[in-house]
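> One predicted model, sequence on top.
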Amino acid sequence: AQSVTQLGSHVSVSEGALVLLRCNYSSSVPPYLFWYVQYPNQGLQLLLKYTSAATLVKGINGFEAEFKKSETSFHLTKPSAHMSDAAEYFCAVSDGGRGSTLGRLYFGRGTQLTVWP
Amino acid sequence: KAGVTQTPRYLIKTRGQQVTLSCSPISGHRSVSWYQQTPGQGLQFLFEYFSETQRNKGNFPGRFSGRQFSNSRSEMNVSTLELGDSALYLCASSSIRSTATYTEAFFGQGTRLTVV
């Protein structure tokens, strides 16, 4: 079975500071991992994805994440926070979806990021 | 290229009524999934459709149903609405590849359903 745990429902940082959002996963198969961002009253936008090609994944808006199998982690980082990064972030793991279907995404409970000026 | 379009964006219904939500996937995408988002339960998978067939189903009661048309557009229906059905309903579409490469989900902006 697949599951995701996001440590910290709220994270606050100052503008220009490092952003670190934590995600640990559990998967019975080689995982496909994702980070999504959600702005108020909006849908989910894909930031980045891990599909076994490389352990360090670079995404949009300066975000990146590192897959660590030994720690079952996929933490999201950004070197320097910007006010526009304030949003809710979701980590997700897929149950497969190779070939014919997308499969099912299992989401964490989300981390609300606040950026102070 | 247009994104995933969900209509309507906002909806208010009375308990006991039924509701139908619509999702138009990205052109060329043939897989459509639905998710429910609530503050209490977070994001939960409802079902996935591909080629007009339901391929996966989440743990929701039978009041929740869906379908997919030949043009890949999808609808979901909730009958006998309950207050707890108030949520943001998100639709996601994805392309299907012939290789084992994983596809990704592109989400619409959602339909905010309020049951009163």
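Received, thanks.
> Kindly state the pLDDT recorded for the residue nearest the centre of chain A?
Nearest to the mean C-alpha position of chain A, by CA atoms, centre = their mean, lies residue A:35 at 2.8 Å. We have a pLDDT of 96 for residue A:35.
> What values do phi and psi take at the closest residue to residue B:25 other than its chain neighbours?
Spatial nearest neighbour of residue B:25, chain neighbours left out: residue B:93 (3.2 Å); criterion: CB to CB, 6 or more residues apart in numbering or on different chains. In short, each C-beta sits where N, CA and C put it, glycine included. Torsion angles at residue B:93 (phi, psi; degrees, to the nearest 10) stand at phi -120, psi 160.
> so residue B:93 bridges to which residues?
residue B:32, residue B:106 (DSSP bridges).
> Was I right to think it contacts residue B:4?
Yes: counting by CB atoms under 8 Å, residue B:93 touches residue B:4, with 5.1 Å between them.
> of those two, who's got more company?
residue B:93 (28 against 22; other CB atoms under 10 Å in any protein chain shown).
> where in the chain is pLDDT low?
Since you didn't name a chain, this refers to chain A. A:29, A:96-102 (pLDDT under 70).
> not what I meant, chain B
For chain B, applying pLDDT under 70 flags the ranges B:1, B:97-103.
> what comes up buried for stretch A:23-34?
Neighbour-count burial for stretch A:23-34, counted by 16 or more other CB atoms under 10 Å in any protein chain shown, picks out A:23-25, A:27, A:31-34.
> cool, stretch A:41-53 as well?
In stretch A:41-53, counting by 16+ other CB under 10 Å, buried: A:42-51.
> How about stretch A:15-23?
For stretch A:15-23, a neighbour-count test (16+ other CB under 10 Å) marks A:19, A:21-23 as buried.
> hmm, who's touching it?
The contact list for stretch A:15-23 (CB atoms under 8 Å, 6 or more residues apart in numbering or on different chains) reads A:4-8, A:11, A:13, A:33, A:35, A:63, A:65, A:73-83, A:85, A:89, A:91, A:108, A:111, A:113, A:115-117.
> next one: that stretch to chain centre, how far?
The chain centroid and the centroid of stretch A:15-23 are separated by 12 Å under CA atoms, centre = their mean, to the nearest Å.
> Please enumerate the strands of the chain.
Let's take chain A. Using DSSP state E, the strands found in chain A span residues A:3-7, A:10-14, A:19-26, A:32-38, A:44-50, A:56-58, A:64-68, A:73-78, A:87-94, A:105-107, A:111-116.
> Let me rephrase: I mean chain B.
With strands called from DSSP E, chain B shows them at B:5-7, B:10-13, B:19-24, B:31-38, B:42-50, B:53-57, B:64-68, B:74-78, B:87-94, B:106-107, B:111-115.
> and the fifth one, what other elements does it pack with?
Same thing as strand B:42-50. Applying 3 or more CB pairs under 8 Å, 6 or more residues apart in numbering or on different chains; DSSP states H and E, we find strand B:42-50 packed against strand A:105-107, strand B:31-38, strand B:53-57, strand B:64-68, strand B:74-78.
> of all the ones you listed, which lies closest to residue B:116?
Relative to residue B:116, the nearest member of those by CB to CB is strand B:74-78, separated by 14.4 Å.
> what lines up beside that closest one in the sheet?
By DSSP bridges, strand B:74-78 pairs with strand B:19-24 (antiparallel), strand B:64-68 (antiparallel).
> For the residue nearest to the spatial centre of chain B, which non-adjacent residue is closest in space?
For chain B, the residue nearest the mean C-alpha position is residue B:34 (2.9 Å; CA atoms, centre = their mean). Once flanking residues are discounted, residue B:34 sits nearest to residue B:46: 4.1 Å by CB to CB, 6+ apart.
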